[in-house]
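> Following is a predicted model, sequence given first.
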Amino acid sequence: MREQQIQVRFSPQPQPLLEITAEYRLENTGNQPLDSLDVRLPGRRYRPGAFEISWDRASLAHNVSPHNPRDSELRFPQLWKVGEIHTLELSYELASATLEDAAGFSADAFYLPSEGWTPQLPQARGLFGFGGVPPREWPLTITVPREFLLHASGESAKRSVKGSSDEYSFRQTARDFSPFVVAGRYVETLQTVSRGQKVHLWTRGKLGAAQLAESGASLTKVLSAYEALFGAGGKSSGLWIVECPSADGCATEREASYAALLYGRDRPRSAQVISHDSVLVDARAGFSSIGASAGPALAAGWLGYGQNPGFYEQQPPVSALPAFAAALAGEAVSGQAARAEVIERGLLAIPEPATPSSNADPAVVRAKSLLLFYALRDRVGSEAFQKAIQHMLYARQRRGFNVSDLIAALEEESHQSIGPYVRQWIKRPGIPAEFRSRYAQSARTQQPFPQETTQ
């Protein structure tokens, strides 16, 4: 790929609408001519409308790829010869009515996360297929109403006036794994919290002094807890915490499900991570508890969302690590009672006695995955556990990590055999009776939770 650029234009009237245009200058650097190209178009939660695809400005049809139903096949009117350069342009619209989750839009705010809304050019088919790699630098251009605040991926933003709108151009580089945008008619408050961390609070209205003091104290405790667990240096360039565009919240199904385990179903504390440095929060919970509300999303950003391709492929139980980190942060903010509540909700979600079929229930899998981290921390001790997590994250930078990586790190730091214990926890129905009885007893008597340091 020689060049690429993506343009985003937001129109609030007559209904919120995003117009996306992606243009690519492509060269056939292979050893044979091509008659078609596969493209992965936005799907799942985004259902684009008004699609237009052109090849050198001539309209081009697209069909479902026979090689992967997730992709679209573009067939060329003439063979794309070796060495030839052509221009591919894709344009489409995203409207709130076409979204599986319409929370990303309102008349005066929107967001596009670091996943799913841009086209992807997979590698060419074949044993030695290659391609689809973006150029070293490329522009992301965003047009929004004049009074909007805007934060997006990239560097060296340039702003120009276009009638009643502002146009921003951001230089994207290899460090921007996938572009993101958040914008709206917000009021910004800048806070400095743990270790000089700059936090940009974007809210619908101006926050009072008491609210700011409470949110600052809460965020300081949360970020300190994450630094202790994950290591320092996760957010040096700033952190954006933004009120959801929709009044109904803005969490994905998985994030909302973990939020129910962490905070209870009767408390609206949803949040969604949209990039490595940007989190959307549900303002219904109040900004005084913003640290708790944003917990799992903040942890997900720290762990690699938007900058680590492997993040999107993580499976249980390691996919519960952001929620476990948020639970530890909740303890730092609210005390040990918060831990008792989380563990109790987890135990209630797992049937007793449990049947083999219960392991196929997503709610049970989430609860077991979350409680496994408590069990592992108890088994090896908090110090060895923290060293193991940091060891794993350092070893797997910009890559995914799975349960094998977790086991290996825990065994190296604790000098214990952890694999059999984890596999038993995952594969057997329910959870070990000893864990259930020990924590149920601690919750009933309000005694400090025991912490094992040896097998």
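Here it is on my side, so go on.

> tell me which helix or strand of this protein sits lowest on mean pLDDT?
Using mean pLDDT, DSSP states H and E, the weakest-scoring helix or strand in the chain turns out to be helix 290-293, at a mean of 67.

> which residues touch the helix or strand just after it?
Downstream of helix 290-293, the next assigned helix or strand under DSSP states H and E is helix 295-303. Contact with helix 295-303 is made by 222-223, 226, 230, 234-235, 239, 255, 258-259, 262, 271-273, 275-281, 311, 321-323, 325-327, 329-330, 393, as judged by CB atoms under 8 Å, 6 or more residues apart in numbering. Using the backbone N, CA and C atoms, a C-beta is placed for each residue, glycine as well.

> how about 7 Å then?
Surrounding helix 295-303, the residues in contact under the criterion CB atoms under 7 Å, 6 or more residues apart in numbering are 222, 226, 230, 234, 255, 258-259, 262, 271-273, 275-277, 279, 311, 321-323, 325-326, 329-330.

> Counting by contacts, list what the next helix-or-strand element following it packs against.
Sequence-wise, the next helix or strand downstream of helix 295-303 (DSSP H and E) is helix 321-334. Based on contacts counted as 3 or more CB pairs under 7 Å, 6 or more residues apart in numbering; DSSP states H and E, the elements that helix 321-334 packs against are helix 209-230, helix 253-263, helix 290-293, helix 295-303, helix 336-349, helix 362-380.

> want to throw these into CSV with distance to Glu413 and mean neighbour count?
Formatted as CSV, these follow (distance: least, CB to CB, whole Å; neighbours: other CB atoms under 10 Å):
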stretch, distance to Glu413, mean neighbour count
helix 209-230, 13, 19
helix 253-263, 26, 20
helix 290-293, 28, 29
helix 295-303, 18, 27
helix 336-349, 22, 18
helix 362-380, 7, 21
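
> Select from those helices the stretch with the lowest mean pLDDT.
Set side by side, those give their lowest mean pLDDT on helix 290-293, at a mean of 67.

> Can you list the residue ranges for helices in the stretch 351-455 of the chain?
362-380, 382-395, 403-414, 419-427, 433-445 (DSSP state H, counting those that start in this stretch).

> Figure out which of those helices is closest to Ile20.
Proximity to Ile20, assessed across the helices of the stretch 351-455 of the chain by CB to CB, is greatest for helix 362-380 (31.8 Å).

> Need the CA coordinates for that closest one. PDB is fine.
Taking C-alpha atoms only, helix 362-380 is exported to PDB below (Å, rounded to 0.1, in the frame of the first residue of the first chain):
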ATOM      1  CA  PRO A 362     -21.400 -17.300  29.400                       C
ATOM      2  CA  ALA A 363     -22.500 -15.800  32.800                       C
ATOM      3  CA  VAL A 364     -20.900 -18.700  34.700                       C
ATOM      4  CA  VAL A 365     -17.700 -18.500  32.600                       C
ATOM      5  CA  ARG A 366     -17.400 -14.800  33.400                       C
ATOM      6  CA  ALA A 367     -17.900 -15.400  37.100                       C
ATOM      7  CA  LYS A 368     -15.400 -18.400  37.200                       C
ATOM      8  CA  SER A 369     -12.800 -16.400  35.300                       C
ATOM      9  CA  LEU A 370     -13.100 -13.400  37.600                       C
ATOM     10  CA  LEU A 371     -12.900 -15.600  40.800                       C
ATOM     11  CA  LEU A 372      -9.900 -17.500  39.400                       C
ATOM     12  CA  PHE A 373      -7.800 -14.400  39.700                       C
ATOM     13  CA  TYR A 374      -8.700 -14.100  43.400                       C
ATOM     14  CA  ALA A 375      -7.800 -17.800  43.900                       C
ATOM     15  CA  LEU A 376      -4.500 -17.400  42.100                       C
ATOM     16  CA  ARG A 377      -3.600 -14.300  44.100                       C
ATOM     17  CA  ASP A 378      -4.400 -16.100  47.300                       C
ATOM     18  CA  ARG A 379      -2.400 -19.100  46.200                       C
ATOM     19  CA  VAL A 380       0.900 -17.400  45.300                       C
END
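
> How far away from the center of its chain is stretch 153-173?
Its chain's C-alpha centre and that of stretch 153-173 lie 24 Å apart, by CA atoms, centre = their mean, to the nearest Å.

> in it, what counts as buried?
Under the neighbour-count criterion of 16 or more other CB atoms under 10 Å, stretch 153-173 has 153-154, 165-170, 172 buried.

> Roughly how far does the residue lying closest to Tyr394 once chain neighbours are set aside sit from Val273?
Nearest residue to Tyr394 in three dimensions, chain neighbours excluded: Gly231, at 7.4 Å (CB to CB, 6 or more residues apart in numbering). Distance from Gly231 to Val273, counting by CB to CB, to the nearest Å: 18 Å.

> the more surrounded of these two?
Neighbours per residue (other CB atoms under 10 Å) separate Gly231 from Val273, with Val273 holding more: 29 against 16.

> Dihedrals phi and psi, the closest residue to Glu155 other than its chain neighbours?
Here the nearest residue to Glu155 in space, its sequence neighbours aside, is Arg171; by CB to CB, 6+ apart that works out to 5.0 Å. Note on Arg171: backbone dihedrals following degrees, to the nearest 10 are phi -80, psi 120.

> Arg171 bridge partners, please.
Beta bridges link Arg171 to Pro139, Glu155, judged by DSSP bridges.

> pLDDT wise, what is it at?
Note on Arg171: pLDDT of 95.

> Isn't it up against Pro139?
Yes: counting by CB atoms under 7 Å, Pro139 is a contact partner of Arg171 at 6.4 Å.

> which two from the buried residues of stretch 153-173 end up farthest apart in space?
By the measure CB to CB, Ser165 and Gln172 form the most distant pair in these, at 21.0 Å.

> that older thread, now distance to Val64 too, for the helices and strands packed on helix 321-334, in CSV please.
Output for the helices and strands packed on helix 321-334, formatted as CSV (distance: least, CB to CB, whole Å):
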stretch, distance to Val64
helix 209-230, 41
helix 253-263, 26
helix 290-293, 41
helix 295-303, 32
helix 336-349, 39
helix 362-380, 28
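
> Tyr439: which of those is closest?
That would be helix 336-349 among these, by CB to CB, at 5.2 Å.

> name the helices or strands packed onto the closest one?
Under the contact criterion of 3+ CB pairs under 7 Å, 6+ apart, helix 336-349 touches helix 253-263, helix 321-334, helix 362-380, helix 433-445.

> show me the contacts for Arg75.
With CB under 7 Å, 6+ apart, Arg75 has these contacts: 35-36.

> What residues are bridge-paired with it?
Note on Arg75: beta-bridge partners by DSSP bridges are Ser36.

> Renumber starting at 500 from here on
Sounds good: first residue 500 from here, last item Arg574.

> what domains does the record give for this protein?
Domain assignment for the chain by automatic domain parsing gives 502-679, 686-801, 812-944.
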